[in-house]
Structures are given as structure tokens and as C-alpha cells.
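Undergrad: Here you go, sequence then predicted model.
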Amino acid sequence: LLGLQGLDDITHCLFWSMLFNIGCYVGVSLIKGPNAAEHGQATVFVDALKHPLAGPGSRFWRGSASVNDLLLLVGRFLGPEHAHEAFGAYARSRGARSVEALSADADLVHRAESLLAGAIGSASARVMVASVVEEEPLGIDEVINIIDEASQVLAYSRQLEQKSRELEAATNELRGANQRLQELDRLKDDFISTVTHELRTPLTSIRAFSEILNDNPRLEESERTKFLGIIVKESERLTRLINQVLDLAKIESGAAEWHSSEIDMREVLEDSVTAVSQLFKERKIDLTVELQQKVPGIVADRDRLMQVMLNLLSNAAKFSERAPGKVTVSLAQQSGFLRVEVSDNGIGISAADQEVIFEKFRQVGDTLTGKPQGSGLGLHISRRIIEHFGGRMWVTSRSGEGACFSFTLPLARGLALVKAA
């Protein structure tokens with residue numbers, strides 16, 4: 001049959017079996033149309049022949065899609081205008097007149113997937129493309145890849161959020177530092193302005209009265225003595241102000257000298273009271289001292305604590321204007337601290353001003369005359385000294401009911417009680 005002669009039986013069976021199978025395959029293929037996978041693969045091969053320079057972007061794709069669906073999908077994430085421009089550029093590169101003239105082949109699907117990958121990641125883009133096309137089910141490996149890429153995207157997103165928070169924190173720190181620098185610059189200007197004013201005031205008085213004495217040699221002796229007294233007082237005021245400014249500058253710059261040693265706070269208070277006793281007698285102010293019989297010793301700079309006490313006592317004498325004036329100094333031990341109080345029956349301090357008076361060059365003055373009292377540095381320096389030795393200073397008062405200035409100092413560990421003389 002068919003000229004096949006001289007073959008054995010096995011060869012004849014193989015030949016006719018292969019011929020039958022080929023005939024069946026061709027017949028079934030002619031009767032049944034290609035499915036989506038076969039159509040996509042055929043499109044890839046045909047396009048490869050039509051566009052040999054299309055580049056490495058083409059790949060096998062298993063399914064079918066609509067150009068309009070792909071355009072809407074890309075437009076949802078990139079914006080309609082951007083999507084239409086991208087599809088238009090792709091159509092021109094393929095020789096099509098418009099986007100509508102394109103066919104939803106493998107290259108177009110791959111192009112849409114690439115556009116989406118730049119916005120949402122390749123794995124998510126794969127899923128989104130699969131949602132608008134008819135494609136074969138994804139395999140387990142593809143699902144795992146999608147999960148891995150999604151995890152990476154989440155990790156990158158968390159890192160980006162962390163970097164954003166760090167950047168925001170750094171920005172806030174820089175903003176706060178800039179505000180502090182501006183505040184320091186303003187305080188510096190205020191400080192210079194205030195110091196200049198405070199120095200000019202006594203200098204003006206000294207110069208004015210000196211010129212009067214110089215221009216009037218025949219001035220009466222009483223007037224001459226009065227003017228000389230004013231010059232001496234203003235000179236002392238100027239000296240105090242200069243010393244306070246220098247002292248404050250040393251404390252704030254950390255250049256102040258501190259000579260700490262074991263001291264008896266009773267002796268410091270007694271010496272301070274003795275130093276100002278004449279001032280209190282001149283102003284007819286009753287000065288009462290209430291000291292605990294024996295108190296533990298403390299470690300501090302004796303001269304600095306004397307400076308604090310003299311400032312508090314001079315302030316008390318200055319503002320105890322009501323007759324009869326009364327000032328009380330007390331010392332007591334309280335739970336690991338020594339507490340010192342200097343109270344007066346003067347004009348008092350309002351609640352709003354009780355922190356203001358501890359600021360540099362801030363003073364509430366005399367509520368009756370409105371005239372400032374002192375330079376406004378004494379209390380600020382006193383508080384800085386007490387805080388340097390681990391203590392605290394504050395004031396309790398009511399307007400018209402006097403004021404009580406208090407400070408505490410920590411006890412020195414291991415020191416025996418200092419017995420009163």
C-alpha cells in the first residue's frame with residue numbers, strides 16, 4: 001500500500017499510527033478555533049516577524065484583553081491624560097494612526113503593565129492587569145512572587161515613613177534652635193540696651209553735679225555738701241552695677257570662681273545681719289533673728305552666700321517703708337535641707353510679678369512712686385548662686401502684705417551637727 005514494500009510488520013504499524021495521529025491533530029485543529037493562550041502566542045510570533053526591532057520588551061502572554069480596558073486601568077493610577085499620551089506614543093511607534101487602531105496584543109499588555117509597575121510595583125501591576133484581561137490562572141510561584149514584592153513595597157513604604165518622621169523631627173529641631181537663637185539675639189540686644197541705660201543714669205548725675213560744683217565755686221557749703229553726697233552715692237551705685245554685670249557675666253559663662261568648703265550657716269546669717277545692722281537702725285526697722293540652736297553644716301562658698309544674704313536684707317530694708325518696719329531672718333532644718341527665710345512687712349509683690357523679679361534687669365519698683373529700685377540684677381544673681389549649690393529660691397507674697405524670700409541648701413553628707421556658740 002502507498003508503495004511501502006519490504007518493511008516488516010512493526011515498522012508498518014509505527015508508520016500508520018503516526019499518520020493517524022497527525023491526521024487527527026490537523027483535523028481537530030481545523031474544526032476547533034484557537035483558544036486565548038494559542039492566540040496570544042501566535043500574535044507574539046507574528047509581531048516578532050513584523051517588527052524585528054521591537055526590542056526585548058515582547059514576551060509570551062496567556063490571555064486576551066481590550067485596548068479600552070487597559071487604557072482605563074492605566075489612567076486610574078497615572079491619570080487619564082498621562083495614560084492617553086503613553087498609549088498614543090506607543091501607537092505611533094507601532095505605526096498605528098491612533099490608540100483606537102491598536103490591537104490588544106502581548107506587547108500592549110506588557111506596555112500597560114510596565115507603566116503601572118512604575119507607580120504601584122511590578123507584582124501589583126501584574127495583578128491589576130490580570131483583573132481586566134482574560135488570562136489563565138496564576139501559578140503558585142507567581143502568587144509567591146506577588147506576595148514577596150508586596151512585602152518589599154510595604155517595607156520600603158515603612159522606611160520612607162520613618163525617614164519622613166526623622167526629617168520632620170530634624171526640621172522641628174532646627175526651627176526650635178532658630179527660634180532660640182532669635183530669642184538669645186533679642187535678649188542680648190535688651191541686655192546691652194538696659195546696661196547702657198543703667199550706666200548712663202548715674203554717670204549723668206555725677207557729671208551734672210560735678211559741673212555745678214565746678215561752675216559755682218562760691219556755692220554755699222550746705223549745697224556743696226549735698227551735691228557731693230549725691231555724687232558719692234551715684235558713684236557707689238555705678239560701682240555696684242559694674243560689679244554685678246561682671247559677676248553675672250562670669251556666672252553665665254561658667255568662668256566664676258567658687259571656693260566651696262564646710263561652713264556654718266548660722267555664722268553666715270549672724271555676720272550678714274551685723275553688716276547691715278546700721279542700715280536698719282538708720283531706717284528705724286526692727287530686725288528679728290530666729291535661728292535654730294544647732295544645724296548641720298553645708299558645703300558652699302561662704303562669700304557667695306554672704307552676697308545672697310546681703311542682697312535679700314538690703315531689699316527687705318528698702319521696701320519696709322511702713323512704720324514700724326519689721327524684718328525677720330530665720331534658719332531651720334527641713335528633711336535634708338537648710339531653709340533660710342527673710343520676710344518683711346513692706347508693700348508686697350503681686351502673684352504676676354513673683355517670677356518676673358528674678359529675671360535680669362526686671363523689677364517691680366515702688367507701687368506708690370513708680371520709681372524702680374536697684375539695677376534688677378541682685379535677685380537674678382542670688383538665685384543663680386543658690387541653684388549652683390543645689391538649692392532653690394522663691395518668694396511668697398501678697399500685694400500690701402509684705403514678702404517672704406526663701407531659699408534651701410542641701411545638707412552635707414557625713415558632717416556632724418554644728419553646735420551654736
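TA: Noted; the coordinates are in hand.
Undergrad: So, low pLDDT: which residues of the protein?
TA: Using pLDDT under 70 as the threshold, the predicted model of the chain has low-confidence ranges 1-7, 32-64, 135-139, 142, 194, 321-323, 361-375, 413-421.
Undergrad: Report how many residues lie close to residue 388.
TA: Residue neighbour count, defined by other C-beta atoms under 10 Å, stands at 15 for residue 388. Glycine gets a C-beta too; all of them are placed from N, C-alpha and C.
Undergrad: Residue 206 against residue 233, yeah?
TA: No - counting by C-beta atoms under 8 Å, residue 206 sits too far from residue 233 to count as a contact (9.7 Å).
Undergrad: Could you check which of those two has the larger neighbour count?
TA: Each of residue 206 and residue 233 has its neighbours counted (other C-beta under 10 Å); residue 206 has more, 18 against 13.
Undergrad: Helix or strand: which one has that one?
TA: Assessed by DSSP states H and E, residue 206 sits inside helix 140-215.
Undergrad: so how far is the helix or strand following that helix from its chain's centroid?
TA: Where DSSP H and E defines the elements, the next helix or strand beyond helix 140-215 is helix 221-253. Distance of helix 221-253 from its chain centroid, counting by C-alpha atoms, centre = their mean, to the nearest Å, is 43 Å.
Undergrad: Helix 221-253 packs against which elements?
TA: Taking 3 or more C-beta pairs under 8 Å, 6 or more residues apart in numbering; DSSP states H and E as the contact definition, the neighbouring helices and strands of helix 221-253 are helix 140-215, helix 378-388.
Undergrad: So which of these is the most surrounded?
TA: Mean neighbour counts were taken over those using mean count of other C-beta atoms under 10 Å, and the top value, a mean of 20, falls to helix 378-388.
Undergrad: can you list contacts of the following helix or strand past it?
TA: Using DSSP H and E, the next helix or strand after helix 378-388 towards the C-terminus is strand 392-397. Counting by C-beta atoms under 8 Å, 6 or more residues apart in numbering, strand 392-397 makes contact with 348-350, 354, 357-358, 382-383, 386-387, 403-408, all of which sit outside it.
Undergrad: just to revisit the earlier point, let's have the helices and strands packed on helix 221-253 in CSV, adding distance to residue 333.
TA: Output for those, formatted as CSV (distance: least, C-beta to C-beta, whole Å):
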stretch, distance to residue 333
helix 140-215, 38
helix 378-388, 17
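Undergrad: what's the angle between the helix holding residue 206 and helix 221-253?
TA: 160 degrees (axes from the mean of the first three to the mean of the last three C-alpha atoms, to 10 degrees).
Undergrad: so how far is helix 140-215 off the chain centroid?
TA: 8 Å.
Undergrad: Check which helices and strands that helix is in contact with.
TA: Judged by 3+ C-beta pairs under 8 Å, 6+ apart, helix 140-215 is in contact with helix 122-130, helix 221-253.
Undergrad: Indicate which one of the helices and strands packed on helix 221-253 is closest to residue 80.
TA: helix 140-215 (24.4 Å; C-beta to C-beta).
Undergrad: Can you say which of the helices and strands packed on helix 140-215 is packed in most?
TA: Most buried among the helices and strands packed on helix 140-215, counting by mean count of other C-beta under 10 Å: helix 122-130, with a mean of 19.
Undergrad: Show me what that helix packs onto, helices and strands only.
TA: With contacts defined as 3+ C-beta pairs under 8 Å, 6+ apart, the secondary structure elements packing on helix 122-130 are helix 67-78, helix 106-120, helix 140-215.
Undergrad: Those into JSON lines, with extra columns for distance to residue 412?
TA: Conversion of these to JSON lines gives the following (distance: least, C-beta to C-beta, whole Å):
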{"stretch": "helix 67-78", "distance to residue 412": "73"}
{"stretch": "helix 106-120", "distance to residue 412": "70"}
{"stretch": "helix 140-215", "distance to residue 412": "35"}
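Undergrad: Nearest to residue 303 among these would be which one?
TA: helix 140-215 (24.1 Å).
Undergrad: returning to what we had before: of the contacts of strand 392-397, buried ones?
TA: The neighbour-count criterion (16 or more other C-beta atoms under 10 Å) marks 348-349, 357-358, 382-383, 386, 403-408 among the contacts of strand 392-397 as buried.
Undergrad: So which of those residues belong to strands?
TA: 403, 404, 405, 406, 407, 408 (DSSP state E).
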